[in-house]
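Colleague: any chance you can model this:
(chains A and B)
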Amino acid sequence: MGIFFAALAMLLFAWFFDSVPALYVSVVTGGFLAFRAIAFLRDAEAAAAALSLSREATPITLRQGGIVTVATTLKVAVPRGMKARASDIPPSGSPVIRGQASSPDLEPGDHSVTLRYGMTCLSSGSIRWKGVDLLLSDPFYSLTLPFRSDEFREPAIHATPVGRYHKREGAGIYGEKDLEKLTVVKGYGIRAFRDYISGDDPRSIDWKLSAKHGKLFVREYSGISGKYPLLVVDLPDSAVLCPQNLRDQVLGAALEAAREMSTSPQGCSLMIISGANLLAFLPHERSLQKVESALFEFHSPQRTVQCYRTLDPIVAEALRARISGEEDLQSDLGKRLLEIYTRFIPEMKPLPFDVQCARVFSRPSETALHVLTTGTGDISHLATLGLFARRLGVDASLGLPEDTASPHLMQKLRGAGYTLVRVV
Amino acid sequence: MKPGRMLLILLLVCASVPASFLYASPAFPVAVMTGAACSIAGFIMFRYYHADLVLFLVVQPCMFLAWFVSPILSFSLEMIFIVGLLASIGLLSRWGDLIPPAIFLIGMATIAFLLSTTRHTTIPVLLFIPAAALVWLGILGLAYRTTARAGGGMP
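Modeller: Modelled structure (predicted):
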C-alpha cells in the first residue's frame, strides 16, 4: 500500500511540477507493483491447481449436538517467496470445540498437512462442510482462495435431531401444546406413511412396511395439531461486520427448526429477510433440501433498503391522536406538530416490506411467527414484524444468539410485540 | 549474510553514486543531503525494523537524483536494487526466475529511454494514467478469475 501511495504521490508531483524524473520514479514503482501482482496471481493459480484434500470424519451418523472428530489432510504446494495458511471451514452451526481447523504458516515447498479437530453439530439433517480456504501471501500481496466445489465439501454427516425446544410459558413455536418438539405421541392414529429422510426419529420407522418394500418408511401420526408457525430468518447485512459464529448460530437454529417443520403436515413456511429486504419466501415447503439451499443461497445479502427511523402510518396516526387529545395544545410546538402530522399522514406510503409482511400474514394458515435473528444493527424491521403480528393476533416469538442478547435489547424486543424472546 | 544487509549495502551505493557524479554541480549539496538522509533512514530501518519493501521506498529519492546525472544511471541503479530486492525475498533462487524481472526491466528501460527524450510531462502523464488503469483492471480481472475458479486438484 505504501508503494502504491508513493507512486501516486510521485505522479502528482510530476504532473504539477513538470518533473520527468519524478514521472520515471512513479512509473518504476507503479510498474513494479503491477509486475509483482501478475507474478503473484500466476503463482497463486498454480498453488490452487495443486491443492488436494481428503477428509475423514467419525462418526458419520450421530445425534444432534454430538461431537465429530475430523482429520483433514491437505496437500499444498507453496510457491517460492510465498507463505500459505489453509483453513477447513466447518458446516454452519457446527463450531470447532477442540483442536485447530487452520494450519500454521507454511513455508515454500510441498506440504502434507493434517488438521485434527472436533466440532459439535448443533444443526440436524445431512450436513456438509463449506469447503477450504487457502490464504496465500508474499511481502507484497495476500489472497484468500475459496475452494467450494463438491470434492472439498465431502463427506456428509447425518445428525439425527433431538428436541431442543424447551418447555416454556405461553404459546410456543408449535402452538399451545408446549411440546418439547413435534414428537410422535403414542396412541395416536397413523395418518400416512412416507419415505425415510435422514434424521427422522428411528422410532417412527415402520419396519414391517420397510421390509415389505425394501426401503425405509416412516409413520406420520394424526392428532398432532396446533399452530403452524411462519419461520422468519433475518440475515445480517454483509456491509456491516458481523462475527461468523453469530450467523452460524442463527442458520443452525433455522435449519433445526426447518428440519422439524418440514416433516409436519403443513410443511415449513420460511421467510428469509435481511433487514427490510425480503430475500425469499417459501410457503408450506416440505422439501428440506429446498429450505436448506434457500438458507445458504443468501450467505452475504446486502440491505438495499434500510428502514431505520421509518415511521409507520398507523403509529403516526396514533401519535397525532395523542397530541390532539392533549390539553396543553395551546403551545406553538404542539400546534405545529399536529399540523405536520395532519399534512404528512395522508401522504405517507407504506414500505414495500410492510406490504410484503401484510400479504404474508393475511394467509389464514399462519397463526404463529417465529423470528431468528443475529440481533445486530438496526432492528426496525423486527419491530415491523412484531407490530404486524400483534395487529393480526399472531403469536410472535424471537430467538437470537447469546452473544448479542443483552438485557436492553431483549427488553426492547419484548416491547416490540414479541411475547417471547429467547436465546438460541 | 544477515537478511537485508545486501539491500542496505545496495542502498548505500545508490545513495553515494549520484552525489559523487554531481560533484561541482549546483545540485551537489542537495545530492549529499538526500544521500545522507536515505542512508540514515535505511540504516535505522535495517537496525530496528527489518522490511525490504521500506528500503525500496527509501532508495527512490536517490533514483530521482540519479536521473539528473543520466537516465541510464538512474535505470541501472533501479535495476540493481530491484534484482537485489527480489533476491532478498527469495524470488530469484533459480535461473528461470530471472525471466519475468528481465521482461519487466526491459519495459522500464524502454520507458526510461522514451522519457529521456521528452521535456514536459503532460503528454506522458496523460498516456500513463489510462495505461495504468487498463493494467490494473486486467490485474483485477485476473485476481477475480483466480479466486472464482479456485477448485483445486486440476491438472
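Colleague: may I have stretch A:268-285 as CSV, with CA atoms only?
Modeller: Extracted in CSV, the C-alpha atoms of stretch A:268-285 (Å, rounded to 0.1, in the frame of the first residue of the first chain):
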residue,chain,number,x,y,z
CYS,A,268,-42.3,-25.3,6.6
SER,A,269,-43.3,-21.7,5.8
LEU,A,270,-40.0,-19.9,5.6
MET,A,271,-39.4,-16.2,5.0
ILE,A,272,-35.7,-15.1,4.6
ILE,A,273,-35.1,-11.5,5.1
SER,A,274,-32.2,-9.2,5.6
GLY,A,275,-33.4,-6.1,7.4
ALA,A,276,-36.4,-4.7,5.5
ASN,A,277,-35.5,-6.7,2.4
LEU,A,278,-37.4,-9.9,1.5
LEU,A,279,-35.0,-12.3,0.0
ALA,A,280,-37.1,-15.5,-0.3
PHE,A,281,-40.5,-16.8,0.7
LEU,A,282,-41.3,-20.5,0.7
PRO,A,283,-44.8,-21.2,1.8
HIS,A,284,-45.6,-24.7,3.0
GLU,A,285,-42.3,-26.2,1.8
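Colleague: that one: which residues count as buried?
Modeller: Counting neighbours by 16 or more other CB atoms under 10 Å in any protein chain shown, one finds that the buried residues in stretch A:268-285 are A:268-282, A:284-285. C-beta coordinates here come from the backbone N, C-alpha and C atoms, glycine included.
Colleague: quick one: stretch B:117-131 near chain A?
Modeller: Yes. With CB under 8 Å from any CB of the partner chain as the criterion, chain A is reached by stretch B:117-131 at B:Thr118, B:Arg119, B:His120, B:Thr121, B:Thr122, B:Pro124, B:Val125, B:Phe128, B:Ile129.
Colleague: quick check: of these, which has the highest neighbour count?
Modeller: B:Thr121 (24 neighbours; other CB atoms under 10 Å in any protein chain shown).
Colleague: hmm, that one is touching A:Tyr24, no?
Modeller: No. The criterion here is CB atoms under 8 Å, and B:Thr121 misses it with A:Tyr24 at 9.8 Å.
Colleague: partner residues bridging the residue lying closest to A:Thr61 once chain neighbours are set aside?
Modeller: Leaving out its chain neighbours, the residue that sits closest to A:Thr61 by CB to CB, 6 or more residues apart in numbering or on different chains is A:His158, at 4.6 Å. Counting by DSSP bridges, A:His158 forms beta bridges with A:Thr61, A:Ser126.
Colleague: per-residue pLDDT, A:His158?
Modeller: Looking at A:His158, its pLDDT stands at 82.
Colleague: shouldn't it be in contact with A:Gln64?
Modeller: No. Between A:His158 and A:Gln64 there is no contact under CB under 8 Å: 10.1 Å.
Colleague: which one's more surrounded, these two?
Modeller: Counted by other CB under 10 Å, A:His158 and A:Gln64 do not tie: A:Gln64 has more neighbours, with 22 against 16.
Colleague: in the stretch 301-424 of chain A, which residue sits nearest chain B?
Modeller: A:Gln302 (18.2 Å; CB to the nearest CB).
Colleague: now the element after the helix or strand containing B:Met63, going C-ward?
Modeller: Element membership for B:Met63, per DSSP states H and E: helix B:60-69. The helix or strand immediately downstream of helix B:60-69 is helix B:71-88, counting by DSSP H and E.
Colleague: any residues touching that next one, and which ones?
Modeller: Residues outside helix B:71-88 that contact it (CB atoms under 8 Å, 6 or more residues apart in numbering or on different chains) are A:21, A:24, A:28, A:32, B:3-4, B:6-7, B:10-11, B:13-14, B:17-18, B:21, B:52-53, B:55-56, B:59, B:62-64, B:66-67, B:92, B:97, B:101, B:104-105, B:108-109, B:112-113, B:115-116.
Colleague: may I have it exported as CSV, CA atoms only?
Modeller: Presented in CSV, the C-alpha positions along helix B:71-88 are these (Å, rounded to 0.1, in the frame of the first residue of the first chain):
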residue,chain,number,x,y,z
PRO,B,71,18.7,8.4,-17.2
ILE,B,72,20.9,5.4,-17.9
LEU,B,73,22.5,5.7,-14.4
SER,B,74,19.0,6.0,-12.8
PHE,B,75,17.8,2.9,-14.7
SER,B,76,21.0,1.0,-13.8
LEU,B,77,20.7,1.7,-10.1
GLU,B,78,17.0,0.9,-10.2
MET,B,79,17.7,-2.4,-11.9
ILE,B,80,20.4,-3.4,-9.5
PHE,B,81,18.2,-2.5,-6.5
ILE,B,82,15.2,-4.4,-7.8
VAL,B,83,17.2,-7.5,-8.6
GLY,B,84,18.7,-7.3,-5.1
LEU,B,85,15.2,-6.9,-3.6
LEU,B,86,13.8,-9.9,-5.4
ALA,B,87,16.8,-12.0,-4.4
SER,B,88,16.5,-10.8,-0.8
